[in-house]
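**Q** Sharing a sequence plus its predicted fold:
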Number of protein chains: 4
Amino acid sequence: MIVEMKKGSTQQEVDEVVQRAKSLDMRVQLNLGTDKTVVAILGANTGKLPTETFAVLPGVESVSRIMKPYKLASREFQPEDSIFSVNGVEIGGNRIVIMAGPCAVESEDQLMKTVKEVKESGASIIRGGAYKPRSSPFNFQGLEKRGLELLEMARERFDIPVVTEVVDPHDVELVASYTDIMQVGARNMQNFALLTEVGKSRRPVLLKRGLSSTVKEWLTAADYILAEGNEKVMLCERGIRTFEDSIRFSLDITSVPVVKKASHLPLFVDPSHASGNYSFVPAVARAAIAAGADGLLIEVHYNPKEALVDGPQALTPSDFGRLMKELEAIAKAIGRSL
Amino acid sequence: MIVEMKKGSTQQEVDEVVQRAKSLDMRVQLNLGTDKTVVAILGANTGKLPTETFAVLPGVESVSRIMKPYKLASREFQPEDSIFSVNGVEIGGNRIVIMAGPCAVESEDQLMKTVKEVKESGASIIRGGAYKPRSSPFNFQGLEKRGLELLEMARERFDIPVVTEVVDPHDVELVASYTDIMQVGARNMQNFALLTEVGKSRRPVLLKRGLSSTVKEWLTAADYILAEGNEKVMLCERGIRTFEDSIRFSLDITSVPVVKKASHLPLFVDPSHASGNYSFVPAVARAAIAAGADGLLIEVHYNPKEALVDGPQALTPSDFGRLMKELEAIAKAIGRSL
Amino acid sequence: MIVEMKKGSTQQEVDEVVQRAKSLDMRVQLNLGTDKTVVAILGANTGKLPTETFAVLPGVESVSRIMKPYKLASREFQPEDSIFSVNGVEIGGNRIVIMAGPCAVESEDQLMKTVKEVKESGASIIRGGAYKPRSSPFNFQGLEKRGLELLEMARERFDIPVVTEVVDPHDVELVASYTDIMQVGARNMQNFALLTEVGKSRRPVLLKRGLSSTVKEWLTAADYILAEGNEKVMLCERGIRTFEDSIRFSLDITSVPVVKKASHLPLFVDPSHASGNYSFVPAVARAAIAAGADGLLIEVHYNPKEALVDGPQALTPSDFGRLMKELEAIAKAIGRSL
Amino acid sequence: MIVEMKKGSTQQEVDEVVQRAKSLDMRVQLNLGTDKTVVAILGANTGKLPTETFAVLPGVESVSRIMKPYKLASREFQPEDSIFSVNGVEIGGNRIVIMAGPCAVESEDQLMKTVKEVKESGASIIRGGAYKPRSSPFNFQGLEKRGLELLEMARERFDIPVVTEVVDPHDVELVASYTDIMQVGARNMQNFALLTEVGKSRRPVLLKRGLSSTVKEWLTAADYILAEGNEKVMLCERGIRTFEDSIRFSLDITSVPVVKKASHLPLFVDPSHASGNYSFVPAVARAAIAAGADGLLIEVHYNPKEALVDGPQALTPSDFGRLMKELEAIAKAIGRSL
């Protein structure tokens, strides 16, 4: 249930709404807009609560129900776009943000060479996996702590923020201490224990869409992070599972306008995992920007043929440089910058 | 099996290859390139034929097998893009072609008003359904012959080519006599009797992807038309059936680079049917152009609220005009025109 | 809209309802039950018609709307099971009906040997394809007319009804003249021209579910046949397209209780096409009977390794004989016979 | 890589194989069959290892590669069925095991009443959720620790084993201390941190199939548990996500013979979650037994209308009793007991 306060309502009036909600055993979350405050009343039983409960309180402009399963991620709760900064990089603003780097961190040499090149080509954030969720226990699982250390080294040396995946609620604190953005991968989109933990960390989070999750489920999963008071949530479309067999996943391009209409959260697109083949990445990357994505997550490897994980989908640094020029032209065409 | 002739091979040498194939009960199709000829040897049992059968003939450069299920639609058979003209409109070239108009032809007034506006906004071809394949026999099935007459009237009055759907092999001759391009709809993509008939007609055909067909099946369906000697085949991606429920179909944007790599046929995208909601159409249309589609098929209705079929997905003429300007900018950004 | 007449209503009263509907440009279909008549009022605009239009007429018990897209196939129109006879074989009754035979008719020898064996094992109807809808035009397309002649020969020699597929509206009359049941294949489930034609033929029809059709779309497709006055419609579940890659199609076993609850039409299951692998056929066949299917369609080939089409999914006659014994036990366990 | 030892090979010969593998940095798992030992050599790089490495050692019968992504779950590693006991209930044997109970534990009264009735009807194991993974953080999340205590109470009072879900690696020890079987839910099938933890616990685990996981991915996920030396793994098919909208998930009945052929692990089916509607549960349950499942997981609620979670899919105790009788007949028909 959404309680919209009047412009100029007092702190005391807002407090009264909050107290009323808490007295009814409801949870409360505030959106302090520039000119007015919105109070979300949350709980399993809000549906049974009459809107009058809050409508009669002083300072209340209107009370409405959010019929969607997601509440905090919705534009009903926050109409204006979420824009925030990650170590100096603005996310969700006019400028499109490119995160690039190897699928997995493999060695100091591999990481540093790749970071140097992608930064020169214009990437603003570095990606690299230290913990890799692999379908078999007998596959390479990432360098783990050593991978985090290398990422931190790259981050310092090239003065650029870093995003990496976290797979276990236990590791959240550790991963948060090394990186700027924690990624929750597609297979963990409904790992609610992990979502709660990254929510509590209050560090920026990139939440990938589950490979067979609807947009509604994805935004509802974001609510788990937002509900812990962590507002720095980015979404990332990475393709859904369909019957089509010429690619690994079908990138759901329509999710871009669907999400931007339904939610205030910044939206990224990962063309690499969806395609599973480097030759399709540029076309999908251009499409994502043209459709209105706020950024991209692109795999680049110094030597794709020797990559330990997902080599076939990685661009070389020079392919990446060419793609950046194409993306710049598309960004300009839709009135944005790169 | 693909027999590539040497540059400068003689007509007689080509004939000899053709005769050999026919003597083995195989079908043959020729691709007469500018500098060399390619002969496709077709049949259920080509797999059992040794390549030497043809490799030893004079004038033969090389013999190879097409491992894909589609043959004539493949770049192995024809490496260069198919470019052809439909009543003066070049298809598959640098210029992106926009087909626009109402889902169904409803009346003279509705059609003429819409055609006037979309042509002024820059559409090169008019779309409009006279025969509508509807899931229930009790729904509006289109104006049928009267619809064709109205389309022809619009075509003459505004001097613009027309595309319309044909649903029954019986009707191919009739529909062909009224329109410039015949559309085979998604539900008929594997209606092989219909494909054969439109193949025989030798008129331009727009083949929509089946809603649960793989790219391979789609290109193989195109082979049915090409096998009748009809080379004017256009493909149209219109979304596939997935679990996502916020839209009608999930537009498979990656099919654009996948098809352009695998096939020489021009590729269109229909953002209207995929989205099922006009508000998502512009983003998907921009994405399709950015990804490399050769054209779009867009539903425009003078008054979407009163449309007899699929109103919610139709743009108004003024929305369409705005979209055309956006598309022009995107086209320019990728080095094409609109 | 469903108009239920009172028990004992007169012919004149029914006629009055029919006339009123026709005067409003609606189509009408009657279900003459043993003790009362139900009139379906059909048309694109029945939703705008007040129920009072018919409720006030003499002899009318009640008027209700069918909210589902399918009307004639629904239990609202006909609550009791459809049971009918095909050349002496009762379909939809207590006894489960097994249709078996080769995927494609290949030769007299192949057909006769197979028919002899499957009949001895207890099959009541013979299946065999004369026209094969193949994804590529260069694959074996069936023996066509010669295949029909062989089927007729088998039918006479072994005194057993025959089912075969029809793929082109042109061929309906021809195919109907040779066989007892016409099959509309999965790829033609929404080939409305074909559905209308087999509807007009008034011959028994087996309508396979489209490989990505919902149950609702399938029952609505059945309405095309029923709307032509052809009441001998059987449905056949044959698996739907999903992401699972260990089999060709995922048999939707839950569709059995879903369809039996929603519709009065007899329901068959084809375990062969779904599995695409003979070793999974027996388990799926047993499951289908246990779930409540009225019959099965099973591929049996005298020598699966040499089958021209779909050999890997065919049972040998001896496997089939063993399976029949298993099915008999399951049928008995649920109070039916084989 | 699978090293099959000769019958009668000595402990020392087995040790030598193990040592050789470890010296190459490989992991090793043994299957001590009744008459011979099989050694699985596991690791990311076994593909590069020549089979001769082990073939030349004394006591080795044969060395082969497992081409499938799953190793320990495969029949290549263990040809005979896994059969084990959970507190006196044999799993994977001839007798079919029914686990039944409420979706969520709600209160002592609700749980005890339900357990009493389902036990009387023949259920061998009680199911009940204490931790519920819910898509929204604002929904009822289960009674958590209090739920575990109630389950333990039911377990003691009715002397029957209990299965309940664990959702967080942190909770594994706690949950294991209260229950007999830990369930890993569909949304956590690829939560590898959780799989590893339940593997380490060495307690029986029921691993549900992910809602969009292939059979291969599911069996490979089981390898995470088996790799920790926990051999008491049960699988549970619970429906996959498809386009069909009349039910919540499409139960993949063919996965029953597919899994039984590929793996030695016992296989359960959950007809309740797949259907999402109690009226379809009996048909699907019968089908699962007929197809060869080793057991079922069925939701039963004393008063489905007041259930806090998933009421519409729960059977009443009396419906459940009736179903058990039907299942008994089916079990007998296929030579098993209930």
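**A** Everything's here; your move. The structure presented is a predicted model; accordingly, all values stated were derived computationally and were not measured.

**Q** With adjacent residues omitted, what lies nearest to A:Asp35?
**A** For A:Asp35, ignoring the flanking residues on the chain, the nearest one in space by CB to CB, 6 or more residues apart in numbering or on different chains is A:Lys7 at 5.4 Å. The way it works is simple: take the backbone N, C-alpha and C, and place the C-beta from them, glycine included.

**Q** ok, that neighbour - contacts?
**A** A:Asp35, A:Lys36, A:Glu61 (CB atoms under 8 Å, 6 or more residues apart in numbering or on different chains).

**Q** How many residues are close by the last one?
**A** Yep, that's A:Glu61 we're talking about. A:Glu61 sits with 14 neighbouring residues when counted by other CB atoms under 10 Å in any protein chain shown.

**Q** that older thread, quickly find the element holding the residue nearest to A:Asp35.
**A** When elements are assigned from DSSP states H and E, A:Lys7 belongs to no helix and no strand.

**Q** distance of it from A:Glu61?
**A** Separation of A:Lys7 from A:Glu61 (CB to CB, to the nearest Å) stands at 8 Å.

**Q** So for those two, which residues contact both of them?
**A** Taking CB under 8 Å, 6+ apart as the contact rule, the neighbours common to A:Lys7 and A:Glu61 are A:Lys36.

**Q** Compute the distance between the residue nearest to A:Asp35 and chain C, please.
**A** With distances taken as CB to the nearest CB, to the nearest Å, A:Lys7 is found 44 Å from chain C.

**Q** which stretches of the stretch 151-300 of chain A form helices?
**A** Counting by DSSP state H, counting those that start in this stretch, residue ranges of the helices within the stretch 151-300 of chain A are A:172-178, A:192-201, A:215-226, A:255-262, A:271-275, A:281-291.

**Q** Just give me the lowest mean pLDDT stretch among these.
**A** Averaged per stretch, pLDDT over those is lowest on helix A:271-275, reaching a mean of 90.

**Q** thinking in terms of the whole chain, how far from its middle is that one?
**A** Between the mean C-alpha point of helix A:271-275 and the mean C-alpha point of its chain there is a distance of 16 Å (CA atoms, centre = their mean, to the nearest Å).

**Q** is that helix up against chain B anywhere?
**A** Yes - when contact is scored as CB under 8 Å from any CB of the partner chain, part of helix A:271-275 falls within range of chain B: A:Ala274, A:Ser275.

**Q** which helices and strands does that helix pack with?
**A** helix A:281-291, strand A:295-299 (3 or more CB pairs under 8 Å, 6 or more residues apart in numbering or on different chains; DSSP states H and E).

**Q** mind running it again at 6 Å?
**A** Judged by 3 or more CB pairs under 6 Å, 6 or more residues apart in numbering or on different chains; DSSP states H and E, helix A:271-275 is in contact with helix A:281-291.

**Q** Extract the C-alpha set from the helix it packs on and format it as CSV.
**A** Listed next in CSV are the C-alpha coordinates belonging to helix A:281-291 (Å, rounded to 0.1, in the frame of the first residue of the first chain):
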residue,chain,number,x,y,z
VAL,A,281,27.6,-9.7,-29.4
PRO,A,282,28.0,-6.4,-31.3
ALA,A,283,24.5,-6.5,-32.9
VAL,A,284,22.9,-7.4,-29.6
ALA,A,285,24.9,-4.7,-27.8
ARG,A,286,23.8,-2.0,-30.3
ALA,A,287,20.2,-3.2,-30.0
ALA,A,288,20.3,-2.9,-26.2
ILE,A,289,21.5,0.7,-26.3
ALA,A,290,19.0,1.6,-29.0
ALA,A,291,16.2,0.1,-26.9
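
**Q** Report the angle between it and strand A:295-299.
**A** Here the directions of helix A:281-291 and strand A:295-299 differ by 170 degrees (axes from the mean of the first three to the mean of the last three CA atoms, to 10 degrees).

**Q** Which residues does helix A:281-291 contact?
**A** Counting contacts by CB atoms under 6 Å, 6 or more residues apart in numbering or on different chains, the residues outside helix A:281-291 that touch it are A:251, A:253, A:256, A:269, A:271-272, A:275, A:296, A:315, A:323, A:326-327, A:330-331, B:253-254, B:256-257, B:283, B:286-287, B:290-292, B:330.

**Q** run the last query once more with 7 Å
**A** With CB atoms under 7 Å, 6 or more residues apart in numbering or on different chains as the test, helix A:281-291 has contacts from A:96, A:251, A:253, A:256-257, A:269, A:271-272, A:274-275, A:296, A:298, A:313, A:315, A:323, A:326-327, A:330-331, A:334, B:253-254, B:256-257, B:283-284, B:286-287, B:290-292, B:330.

**Q** same deal with stretch A:166-177?
**A** When contacts are taken as CB under 7 Å, 6+ apart, the neighbours of stretch A:166-177 outside the stretch itself are A:131, A:133, A:148, A:164, A:182, A:184-185, A:188, A:193-194, A:197-198, A:201, A:203, D:168-170, D:192-193.

**Q** And stretch A:104-111, by the same measure?
**A** When contacts are taken as CB under 7 Å, 6+ apart, the neighbours of stretch A:104-111 outside the stretch itself are A:102, A:128-130, A:132, A:142-143, A:147, A:150-151, A:154, A:302, A:308-309.

**Q** what about burial for those, which qualify?
**A** With neighbours counted using 16 or more other CB atoms under 10 Å in any protein chain shown, those contain these buried positions: A:102, A:128-130, A:132, A:142-143, A:147, A:150-151, A:154, A:302, A:308-309.

**Q** ok, the residues you listed vs chain C, which is closest?
**A** If you rank those by distance to chain C using CB to the nearest CB, A:Val309 comes first, at 21.4 Å.

**Q** per-residue pLDDT, the residue located most distally from the centre of chain A?
**A** For chain A, the residue at maximal distance from the C-alpha centroid (CA atoms, centre = their mean) is A:Val56, at 37.7 Å. We have a pLDDT of 93 for A:Val56.

**Q** residue ranges of the helices in the stretch 1-150 of chain A, please?
**A** Listed in chain order, the helices found in the stretch 1-150 of chain A under DSSP H, counting those that start in this stretch are A:11-23, A:52-55, A:108-121, A:145-158.

**Q** list the buried ones in the third one?
**A** Judged by neighbour count (16+ other CB under 10 Å), helix A:108-121 contains these buried residues: A:Gln110, A:Leu111, A:Met112, A:Lys113, A:Thr114, A:Val115, A:Glu117, A:Val118, A:Lys119, A:Ser121.

**Q** can you check the first one too?
**A** The neighbour-count check on helix A:11-23 (16+ other CB under 10 Å) flags A:Glu13, A:Val14, A:Glu16, A:Val17, A:Val18, A:Arg20, A:Ala21 as buried.

**Q** Contacts for that helix, please.
**A** A:Val3, A:Met5, A:Val28, A:Thr37, A:Val39, A:Ile41, A:Thr53, A:Phe54, A:Leu57, A:Pro58, A:Gly59, A:Val60.

**Q** tell me the average confidence for that helix?
**A** Per-residue scores along helix A:11-23 average to 94.

**Q** Kindly reformat the contacts of helix A:11-23 as JSON lines containing neighbour count.
**A** Listed next are those as JSON lines, based on neighbours: other CB atoms under 10 Å in any protein chain shown:
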{"residue": "A:Val3", "neighbour count": "27"}
{"residue": "A:Met5", "neighbour count": "23"}
{"residue": "A:Val28", "neighbour count": "17"}
{"residue": "A:Thr37", "neighbour count": "20"}
{"residue": "A:Val39", "neighbour count": "24"}
{"residue": "A:Ile41", "neighbour count": "27"}
{"residue": "A:Thr53", "neighbour count": "18"}
{"residue": "A:Phe54", "neighbour count": "22"}
{"residue": "A:Leu57", "neighbour count": "18"}
{"residue": "A:Pro58", "neighbour count": "12"}
{"residue": "A:Gly59", "neighbour count": "19"}
{"residue": "A:Val60", "neighbour count": "20"}
